[in-house]
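Colleague: give me the fold of what follows.
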Amino acid sequence: MKKIITLISLLRSVLMTYAVGAVSPSHFNVYYPDFSRIDLVCGQMPKTSQKDVVFCCEAAFTGELLAEFKHTNIADNHICNGVMKKGYRCKANTGGFVWKKGKWKFMRKADYPTTESGWSMGFCQLLIIKDGTARPIGTKMKDKKNIYRALCEKDGKLCIVESKKYMTYESFVKFLSAYKVTHAIYLDMGRGWNYAWYRTKDGKVKELFPESKYATSYKYRTNWITFYK
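Modeller: Next up is the predicted model:
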């Protein structure tokens, strides 16, 4: 019996360590990246040939459909590789996320740093849940249906939570609250922007929304939260 319990614990540890669909509750797919660092990659999405990347997906909003990349086309100031870059002012953003080795922080936009302040990466987005409490939902978002994705903290671990099907934003927030995440911040979605990929324990690449690579908007994406092994 003791050996069985140990084996189950080991399997659970493996599933929750690597960037796989570790948990699949009724409404979500949940991905737990096994990472040593995080960065906000801008301009060019990490390639699947980069073996040290375990998960990457869109993070901040993109302002306009520009033929060339500009940091000023990313919603609000953002930190890439330890350097603060100036973005455009985005009223929709209500929060931010920052990370440096061994530490991360979800925050209200008013508390987002004005300089790097020692953080290695950071971006602003719509803050969904802070300290276990859902933030107010704007009337424009409330009934909007989409497949939603969020960067979350649950039980002291970072994870990416994605709805399995189209639902209203209000429902997504309610389900996140019921799932008992401590913090949650929105990650940009929509056709083209929802494309993401991750690497399994055995090194295989799994794509999310691969059909989005053929969307006309695909080439206009600007930034990706990237987890590195």
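Colleague: and the residue nearest the centre of the chain?
Modeller: Among the residues of the chain, the one closest to the centroid is Leu151, at 3.9 Å (C-alpha atoms, centre = their mean).
Colleague: leaving out the residues flanking it, which one is nearest to it?
Modeller: Residue nearest to Leu151 in three dimensions, not counting chain neighbours: Ile185, with 5.2 Å by C-beta to C-beta, 6 or more residues apart in numbering. Just so you know, the C-beta spots here come from the backbone N, C-alpha and C atoms, and that holds for glycine as well.
Colleague: quick check: that neighbour vs Tyr214, distance?
Modeller: 28 Å (C-beta to C-beta, to the nearest Å).
Colleague: repeat that for Glu68.
Modeller: Per C-beta to C-beta, Glu68 is found 22 Å from Tyr214.
Colleague: who's more crowded, those two?
Modeller: Counted by other C-beta atoms under 10 Å, Glu68 and Tyr214 do not tie: Tyr214 has more neighbours, with 10 against 6.
Colleague: which secondary element of this protein has the worst mean pLDDT?
Modeller: helix 2-17 (a mean of 37; mean pLDDT, DSSP states H and E).
Colleague: helices of this structure, start to end?
Modeller: Assigned by DSSP state H, the chain shows helices spanning 2-17, 139-142, 169-178.
Colleague: low-scoring pLDDT stretches of the chain, where are they?
Modeller: 1-25 (pLDDT under 70).
Colleague: OK, contacts around the residue nearest to the centre of the chain?
Modeller: Counting by C-beta atoms under 8 Å, 6 or more residues apart in numbering, Leu151 makes contact with 59, 97, 158-160, 184-185, 187, 225.
Colleague: could you report the separation of it from Phe227?
Modeller: 10 Å.
Colleague: what is the burial count for the closest residue to Leu126 other than its chain neighbours?
Modeller: The shortest distance from Leu126 to any non-neighbouring residue, by C-beta to C-beta, 6+ apart, is to Tyr186 (3.9 Å). By other C-beta under 10 Å, 23 other residues sit near Tyr186.
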